[in-house]
Structure formats: C-alpha cells, structure tokens
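In: I would like the atomic coordinates for the input below:
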Amino acid sequence: MRNSLLTAALLLGASSWAATAHDMIPAAQQTQSILLKNGTLHTVANGVQANTDLLLQAGKITAIGKNLRAEGAEVIDVSGKHLYPGLLALDTTLGLVEISAVRSTNDDEDVGTDNPQLQAAAAYNPDSELIPTVRANGIAYAQIVPRGDGLAGQSALVNLDSWTIEDAEHQAAVQIHLNWPTMRRWGVDSDEQKAKAKAAYEQKIADIDQHFESAYRYALAAKAQQIKTPDERWQAMLPLFDGSGKLFVHADKQQTIEDAAALCKKYGFKLVIVGGYDAWRSADILNEMQASVVYTHMLDLPERADEPIGQAFKIPALLKAAGIPFAIGFSDNWDSRNLPLAAAQTVAWGLNQDEALRAITLDAAQIAGANNIGALAVGYDATIAVSSGDILDPAFGKVEALYIDGRKVDLNNRHRQLYHKYLTR
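Out: Predicted coordinates for the structure are as follows:
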C-alpha cells in the first residue's frame, strides 16, 4: 500500500488540485499507425539521420529508414523538421508542488528522517497546471522526487500526459532518496564552533548508519524467511540489498559524496549522486563503484568564493573527462521546463551537441533504470518531440508536436492561453 507524503494531501489535495487543474485532455491510446516522413532524426543511439522516415505502431517505433511504407498509416510530412526522443527531467517536484507559497498545494515532503516507504507517486497530481507548460518544451517524462531530510522516500518516473498515476507511471528501478547531511559552518575563526559543527555532522552520519544497519539486518532475516513482524520502512529498502533498486544520494561537497560512497560500498548498493557539484573530484571512488551522477547546478553560480564564475557550467565536461556516467537534472517544478536550456549550456562549456542531448535523454533514462525510452530506435517507445529547429536552442527550437507512446499530446497550456488572450487587448 502506498503512503502519502503528506497527510494533508488526503484532506486538502482534492480541493487544491481542482482549483488548479489544467483542461487539456490526455491523448487516447494509439490505434492507427503513424508514418513521419523525411525528418532529421536525432536518434541519440545511432547519430543524426537526415531525410529519414519513422514508423510508429501500437506505441512503439517499429521501423526507421528511407521511403518507408505502411498500409493504412497516417502519413505526416516532417520535411525540414527535427525529431528527438522525448526529454527526461530528473529530480523534479512536478505534480507534487503547485504553488510554492500555498502550503496546501505542496505535497512533496513529510516529517521525520526515516521514511523510505513513502512514495511520491501517491501524491502525484497528473492534472497539475504546470505539466502542460513543461511538456511544451519537449519534456515527456519527469522523475518526481520527495524532499525532506534523511531518507525522504521513493521517487517515480512518469509520463506527462495521463489521467491517473497508474496511466502515468513508467517502469523503472526502485529509487530511494537519501538527503546527505552537510556540515554547518558556525564561524571560520572559532575552534569551538567548528568542533560543534563536526560533532553534529558525525551524529547525523551515525544516525544514517543505524538506519541502514537495521535495514541490513532486516534484509538478512527476510532472505532467511525469518520475518515475524514486518516493518514497512525496512521492507521498502529490500530492493537496495537485492540489487533491483538504486540509492539516490543528494550531496554536493567532496566529503559528503565520499562519505555517501563509503556507506554504499559497505552494503553493495547501486549509487546515484544527485547534485554532484564536486563529484568529478571523487572520480576514482565513483568509477570503482560504477556510480553515476545527476548534475543539477548547470545554471547556478559557483559554490565557493575562490572559484571561477563559470565553474558550475563546466562540471559536466569534467564528469565526462573523468569517465563518470551522468545526466543533467533540474531540481524544480515549473522551472524544469528550462532543462533543454541547461543542456545547451553544456555545449558552450565543453560537451558536444550529441553528448548534451544524451544527458537529458538516453543517459537520464539509464540512470533512472528505465528501458526503451530516451532514443529513437526500433523497439523503443514511440515518444518523440518534433521541433522546427535545434531543441536545445530556445530561440529557434520550437516544439511543434509531441508523441508519448504514439499518442499525440495536446501542447496547449496556460502560458499560450494567456499570450493569445493579451494579444487581443
């Protein structure tokens, strides 16, 4: 049974969502084949293919090539258009937060530091007014992530055109999120205050160790079929111990990343660092563990006063040079629509165009543990963004159509409605 992230969601969620629900109707399941003709395909998996056709049948890509034919298919000429896999926005609160300043519309966090059983999917609002504004930029999937301290809960990967969470949820690895503590700085000149900060940090680490030790013992008992009194917290963490789940640790500084890596190494967890500002500095440790990074600071200022102004911008290139698998994420709700811009920024700071696109498509899907999305390839889900230009260029890359599982999505949204409204003023 899923647990709501906030008890208030059960009491206030229905009324708050009704007040902010969008009126775009989710597309019906694909029943007719669709043949997209003569487009420029940015396949991610097999380079860029010009003047190429794409056949979509029953929600899947079934053929790629030139001069394709399909009896009874809807034929759409996309000459001069650019076709991309639907983009993936990682580390968002989309559908969990509607209006940040209105508490009753914020269902992204619960109390306590030990909540691995909580599932963000239980609080997801597929009618959020924010969703159509985000998918208008070609974003087809979002990882919805619980916030909070310590073990905050489990995220879910959803498609952004659905009636319910059951329609929306895409199969992915179990994703448990741990917000690693930071060492508070009480003052640079006081040894006493530094000692207090260090002691407080070490106590939080000890608490995390205790949580995971309890979960480990529970996992051993479960393996031996010796569980007499089930505990939903430790039950939720079993996928970490059997290898079917991933631990997403939110950490930025080198010390916190390496402390988190030590914990994961102890138990053999699959590790994903979220944030990852200093991850490139810990390349040896992360590569040894085959860990990956969701980098979320692409449009941020430097973390340290003595760093160059462009430090945050070039970190994806540093991760690439260090051989660390990574994706670009955008830790927000409505602002996650800027994901293509964040990826574009990496091109100016060391990545090439293909690497930047891969960081918000195929690599993002692989980090989330999702199969058959993130690329234009036969057998993959028919999730495609059709753009008039480079999708990473906000000035010229206007998304003209979006298909999710072969369903053509309504790209109308609140922003466009207001734009046309005030054009008539």
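In: could you list the low-pLDDT ranges of the stretch 101-250 of the chain?
Out: Along the stretch 101-250 of the chain, the model assigns pLDDT under 70 to residues 184-189.
In: the helices in it, which residues?
Out: In the stretch 101-250 of the chain, the helices defined using DSSP state H, counting those that start in this stretch lie at 130-135, 165-168, 191-223, 232-236, 238-242.
In: can you put those helices in a markdown table and add mean neighbour count and distance to residue 56?
Out: (Glycine included, C-beta is placed from N, CA and C.) Conversion of the helices of the stretch 101-250 of the chain to a markdown table gives the following (neighbours: other CB atoms under 10 Å; distance: least, CB to CB, whole Å):
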| stretch | mean neighbour count | distance to residue 56 |
| --- | --- | --- |
| helix 130-135 | 25 | 18 |
| helix 165-168 | 16 | 19 |
| helix 191-223 | 15 | 42 |
| helix 232-236 | 18 | 37 |
| helix 238-242 | 18 | 33 |
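In: can you list those in CSV and add distance to residue 359?
Out: What follows is the helices of the stretch 101-250 of the chain, written out as CSV (distance: least, CB to CB, whole Å):
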stretch, distance to residue 359
helix 130-135, 18
helix 165-168, 23
helix 191-223, 29
helix 232-236, 29
helix 238-242, 25
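In: nearest to residue 30, out of these?
Out: helix 165-168 (13.8 Å; CB to CB).
In: ok, back up a step: between the helices of the stretch 101-250 of the chain, which one is closest to residue 259.
Out: helix 191-223 (6.4 Å).
In: so which elements touch the closest one?
Out: In terms of contacts (3 or more CB pairs under 8 Å, 6 or more residues apart in numbering; DSSP states H and E), helix 191-223 is packed against strand 150-154, helix 232-236, helix 238-242, helix 254-267.
In: closest to residue 33 out of the ones you listed?
Out: Nearest to residue 33, of the helices and strands packed on helix 191-223 and by CB to CB, is strand 150-154 at 36.7 Å.
In: just checking, residue 164 touches residue 127?
Out: No: counting by CB atoms under 8 Å, residue 164 sits too far from residue 127 to count as a contact (9.7 Å).
In: ok, these two, which is more surrounded?
Out: Counted by other CB atoms under 10 Å, residue 164 and residue 127 do not tie: residue 127 has more neighbours, with 18 against 11.
In: how near is that one to residue 136?
Out: Separation of residue 127 from residue 136 (CB to CB, to the nearest Å) stands at 16 Å.
In: what do you get for residue 206?
Out: In terms of CB to CB, residue 206 sits 47 Å off from residue 136.
In: what does residue 78 give?
Out: 18 Å.
In: and if you look at residue 367?
Out: Residue 367 is 24 Å from residue 136, by CB to CB.
In: so those two - more neighbours on which side?
Out: Shown here are residue 367 and residue 136; by other CB under 10 Å, residue 367 has more neighbours (27 against 19).
In: that one looks like it's in a strand, true?
Out: No: counting by DSSP: H, G, I helix; E, B strand; the rest coil, residue 367 is not found in a strand; it is helix.
In: wait, it touches residue 290, no?
Out: No: between residue 367 and residue 290 there is no contact under CB under 8 Å: 11.6 Å.
In: who touches stretch 354-362?
Out: By CB atoms under 8 Å, 6 or more residues apart in numbering, the residues outside stretch 354-362 that reach it are 42, 44-45, 47-48, 84-89, 316, 320, 326-328, 339-340, 342-344, 346-347, 351, 374-375, 391-392.
In: try 7 Å this time
Out: By CB atoms under 7 Å, 6 or more residues apart in numbering, the surrounding residues in contact with stretch 354-362 are 42, 44-45, 85, 87-88, 316, 320, 326-328, 339, 343-344, 346-347, 374-375, 392.
In: now do stretch 397-417
Out: 22, 24-25, 27-30, 34, 56, 58-59, 81, 86, 129, 132-133, 135-138, 140, 159, 161, 381-391.
In: so which of those residues belong to strands?
Out: 34, 56, 140, 159, 384, 385, 386, 387 (DSSP state E).
In: which residues of the stretch 251-400 of the chain fall in strands?
Out: 270-275, 292-295, 326-328, 384-387, 399-404 (DSSP state E, counting those that start in this stretch).
In: now restrict the contacts of stretch 397-417 to buried residues only.
Out: Of the members of these, the ones counted as buried by neighbours, 16 or more other CB atoms under 10 Å, are 22, 24, 27, 30, 34, 56, 59, 81, 86, 129, 132-133, 135-138, 140, 159, 161, 381-387, 390-391.
In: how long is stretch 322-342 from one end to the other?
Out: 20 Å (CA to CA, to the nearest Å).
In: ok, now stretch 347-361?
Out: Stretch 347-361 end-to-end distance (CA to CA) = 15 Å.
In: and what of stretch 323-338?
Out: Stretch 323-338: ends 26 Å apart by CA to CA.
In: stretch 139-152 now?
Out: First-to-last residue span, stretch 139-152, CA to CA: 25 Å.
In: centre-most residue in the chain?
Out: residue 90 (1.5 Å; CA atoms, centre = their mean).
In: what about that residue, distance to residue 245?
Out: 16 Å.
In: quick one on the thing from earlier: looking at the helices and strands packed on helix 191-223, which is nearest to residue 222?
Out: helix 238-242 (6.1 Å).
In: ok now that closest one, how far from the chain's centre?
Out: Helix 238-242 has its C-alpha centroid displaced from the chain centroid by 21 Å (CA atoms, centre = their mean, to the nearest Å).
In: same for it, what does it pack against?
Out: helix 191-223 (3 or more CB pairs under 7 Å, 6 or more residues apart in numbering; DSSP states H and E).
In: go again using 8 Å as the cut-off
Out: Where contact means 3+ CB pairs under 8 Å, 6+ apart, helix 238-242 is packed against strand 174-179, helix 191-223, strand 245-251.
In: next, the angle strand 270-275 makes with the last one.
Out: Which is strand 245-251. Strand 245-251 runs at 30 degrees relative to strand 270-275, counting by axes from the mean of the first three to the mean of the last three CA atoms, to 10 degrees.
In: can you list the strands that strand 245-251 pairs with?
Out: Sheet pairing for strand 245-251, assigned by DSSP bridges, gives strand 174-179 (parallel), strand 270-275 (parallel).
In: okay, those strands, which one's buried deepest?
Out: The highest average neighbour count among the strands paired with strand 245-251, using mean count of other CB atoms under 10 Å, belongs to strand 270-275 at a mean of 25.
In: picking that back up, what's the closest non-adjacent residue to the residue nearest to the centre of the chain?
Out: Closest residue to residue 90 apart from its sequence neighbours, by CB to CB, 6 or more residues apart in numbering: residue 329 at 3.8 Å.
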